[in-house]
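Engineer: predicted model, plus sequence, below.
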Amino acid sequence: MKKKTAASPATSAAARPFVYRNRSLYCDGVSLTALAEQHGTPLYVYSASQISERFQLFQKAFASRPHTVCYAVKANSSLAILRLLARQGAGFDIVSGGELERVRRAHKPALKKVVFSGVGKQPWEIDAALKADILQFNVESEMELDLLAARAQALKVRARFALRVNPDVFAETHPYISTGLSEHKFGIDIKVARSLYRRAAKSKWLEAYGVSVHIGSQIRKVDPFAAALERVTSLVAELRRDGHDIRAIDAGGGLGIDYSDAPFNAAHQVDRYAAALAKGLASETAHLLLEPGRFLVAQAGALLTRVLVVKQNGSKTFIITDAAMNDLIRPALYHAHHEILPVRQPSGKRTITADIVGPVCESGDFFARDRAIAQVKPGDLVALLDAGAYGMTQASNYNSRPRPAEVLIEGTQVTLARRRETMRDLLAQEIL
Ligand SMILES: *Cc1c(COP(=O)(O)O)cnc(C)c1O
């Protein structure tokens, strides 16, 4: 991959890098038809310039205070994307030892900008992160705090930690991705956090470095972020009075995008988000950690797929594609909406109403139901938009289907970021 520097601020902040040219869908300077011919389908296609652009929107919106954007790796863990972001100064939010290994492979110096989240960290994962000297462990229970102290003592290193507090703030989003209420498994009740910091201060292996919060994902209104941070900020003031030298406030991720075809101004959304966080922080000047995932990568990506069959069952029309729920599970799992565009631009406005589905043996295997879409026929290509986040990272081999390839587009240059799985890959781990 070529070295990539910051995107020029002059580039348009269009919601998506997928546009028609000469009646054919392109990702930046590359035709999707050509990509399908060269790399096959289903294929994940990502625009490097849009990812950089989104990252720079954050850099700009938070320029007035010390901050680090720690990209949430679970949204899209492609090494090529991690490297692209790391080279622009990003840190990373990880949730497993596997993600730690990805950061190491993508850009080793970025390990010192890693925050480690998750409710069930295992000793080997904690050890690996301690040895890598990551920035901060986001601790989610009293038990984990004890485990962290024990592992740090065993390795004779000090562990910088933040308690991830549960602020009991409601964020309007899908129930599966809302995390900031006391009924959720995440975080430590903000009311008991203070006593845990006091306890931790007794261990010379623990360093109370920050306080963290994360209230959920795909959050469109920014007020809940302000409310959560306000509670965190007053906790930080109390902790300082108690004598703890709190250096960082981790505001988490969760900023949402617009999956519909309504106009969406990403720059405006980031500015609103920054203003909400500033409100919650008031005069607090601690180093701000941010953990955006979806917002940086979702709209940069599409899943390119070919129509296999168009069939009629009773009154319903089904468009069956070579991509399925194993490649992109969001519609099945969250009833998520993805815009779907035919790669060849339709000449008229005529549409049919159809279900766009995959070949997997489950009725839950759908991308869209009763969707108005231009008439397509077998062999045609369609693109599922906004598939850059929680797409490939949630892909599986269900139905023994090899997972898709991934390409990263930089202007007119195409880089294969991950080759398509083969039959050999599919069976490699099994013992007979
Ligand atoms: C998933 C997650 C994120 C990223 O969420 P997005 O909605 O993708 O921005 C950030 N922090 C933590 C702790 C997470 O679990």
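Structural biologist: Now that the structure is in, tell me what you want to look at.
Engineer: so, low pLDDT: which residues of the stretch 1-150 of the chain?
Structural biologist: Applying pLDDT under 70 to the stretch 1-150 of the chain flags the ranges 1-13.
Engineer: ok, which stretches of it are strands?
Structural biologist: 18-21, 24-27, 30-31, 43-47, 67-72, 91-94, 114-116, 136-139 (DSSP state E, counting those that start in this stretch).
Engineer: let's have those strands in a markdown table, adding mean neighbour count and distance to the ligand.
Structural biologist: For glycine as for every other residue, the C-beta is placed from the backbone atoms N, C-alpha and C. A markdown table is the format used below for the strands of the stretch 1-150 of the chain (neighbours: other C-beta atoms under 10 Å; distance: least, C-beta to the nearest ligand atom, whole Å):
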| stretch | mean neighbour count | distance to the ligand |
| --- | --- | --- |
| strand 18-21 | 15 | 20 |
| strand 24-27 | 21 | 21 |
| strand 30-31 | 18 | 26 |
| strand 43-47 | 27 | 15 |
| strand 67-72 | 26 | 3 |
| strand 91-94 | 28 | 5 |
| strand 114-116 | 26 | 8 |
| strand 136-139 | 28 | 7 |
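Engineer: by contact count, what packs against the biggest helix by length in the chain?
Structural biologist: Ranked by number of residues, the top helix in the chain under DSSP state H is helix 223-241. Judged by 3 or more C-beta pairs under 8 Å, 6 or more residues apart in numbering; DSSP states H and E, helix 223-241 is in contact with strand 159-166, helix 190-200, strand 206-212, strand 248-250, helix 266-281.
Engineer: tell me which residues are up against it.
Structural biologist: 165, 167, 169-172, 180, 190, 193-194, 197, 208, 211-213, 215, 219, 246, 249, 251-252, 254-255, 273, 276-277, 279-282, 284, 286 (C-beta atoms under 8 Å, 6 or more residues apart in numbering).
Engineer: spell out which parts of the stretch 151-300 of the chain neighbour the ligand.
Structural biologist: The stretch 151-300 of the chain comes close to the ligand at residues 214, 217-218, 252-255, 291-295, as judged by C-beta under 6 Å from any ligand atom.
Engineer: same thing but 5 Å
Structural biologist: By C-beta under 5 Å from any ligand atom, the residues of the stretch 151-300 of the chain that approach the ligand are 214, 217, 252-254, 291-294.
Engineer: sitting in helices, which of these do you find?
Structural biologist: Mapping these onto helices (DSSP H) picks out Arg294.
Engineer: now, of the residues of the stretch 151-300 of the chain next to the ligand, which are buried?
Structural biologist: The neighbour-count test (16 or more other C-beta atoms under 10 Å) applied to those identifies 214, 217, 252-254, 291-294 as buried.
Engineer: measure Ala63 to the ligand for me?
Structural biologist: 20 Å (C-beta to the nearest ligand atom, to the nearest Å).
Engineer: now that residue: how far from Leu229?
Structural biologist: Separation of Ala63 from Leu229 (C-beta to C-beta, to the nearest Å) stands at 18 Å.
Engineer: buried sites along the helix or strand harbouring Val414?
Structural biologist: Using DSSP states H and E, Val414 maps to strand 413-418. Residues of strand 413-418 classed as buried: 414, 417-418 (neighbour count, 16+ other C-beta under 10 Å).
Engineer: could you dump the strands of the stretch 1-150 of the chain to a markdown table with distance to Phe161?
Structural biologist: Putting these into a markdown table (distance: least, C-beta to C-beta, whole Å) gives the following:
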| stretch | distance to Phe161 |
| --- | --- |
| strand 18-21 | 42 |
| strand 24-27 | 41 |
| strand 30-31 | 44 |
| strand 43-47 | 34 |
| strand 67-72 | 15 |
| strand 91-94 | 15 |
| strand 114-116 | 9 |
| strand 136-139 | 5 |
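Engineer: tell me the mean pLDDT for stretch 337-352?
Structural biologist: On average, the pLDDT along stretch 337-352 is 95.
Engineer: cool, and stretch 231-251?
Structural biologist: Stretch 231-251 comes out at a mean pLDDT of 97.
Engineer: dump stretch 105-116 to PDB, keeping only the CA atoms.
Structural biologist: The C-alpha trace of stretch 105-116 is given here as PDB (Å, rounded to 0.1, in the frame of the first residue of the first chain):
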ATOM      1  CA  ARG A 105       0.800  -5.900  12.600                       C
ATOM      2  CA  ALA A 106      -0.700  -2.800  11.000                       C
ATOM      3  CA  HIS A 107       1.500  -0.200  12.700                       C
ATOM      4  CA  LYS A 108       3.500  -1.200  15.800                       C
ATOM      5  CA  PRO A 109       4.100   2.400  17.100                       C
ATOM      6  CA  ALA A 110       0.300   2.800  17.500                       C
ATOM      7  CA  LEU A 111       0.300   0.300  20.400                       C
ATOM      8  CA  LYS A 112       1.100   3.100  22.800                       C
ATOM      9  CA  LYS A 113      -2.200   4.800  21.700                       C
ATOM     10  CA  VAL A 114      -4.400   1.700  22.400                       C
ATOM     11  CA  VAL A 115      -7.200   1.600  24.800                       C
ATOM     12  CA  PHE A 116      -8.600  -1.800  25.700                       C
END
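Engineer: any residues touching it, and which ones?
Structural biologist: Stretch 105-116 is contacted by residues 68, 70, 79, 82-83, 86-87, 90-95, 100, 103-104, 125, 129, 132-138, 162, 212, 250, 289, 291 when judged by C-beta under 8 Å, 6+ apart.
Engineer: again, only this time at 6 Å
Structural biologist: When contacts are defined by C-beta atoms under 6 Å, 6 or more residues apart in numbering, stretch 105-116 is touched by residues 68, 70, 79, 82-83, 86, 91-94, 103, 129, 132, 134-138.
Engineer: what are the buried residues along it?
Structural biologist: Within stretch 105-116, the residues scored as buried using 16+ other C-beta under 10 Å are 106-107, 110-111, 113-116.
Engineer: got it, and stretch 194-208?
Structural biologist: Neighbour-count burial for stretch 194-208 flags 194, 196-197, 200, 203, 205-208 (criterion: 16+ other C-beta under 10 Å).
Engineer: likewise stretch 52-72?
Structural biologist: By neighbour count with 16+ other C-beta under 10 Å, stretch 52-72 contains the buried residues 52-58, 61-62, 67-72.
Engineer: could you do stretch 30-44 as well?
Structural biologist: The neighbour-count criterion (16+ other C-beta under 10 Å) identifies 30-32, 35-36, 39, 41-44 as the buried residues of stretch 30-44.
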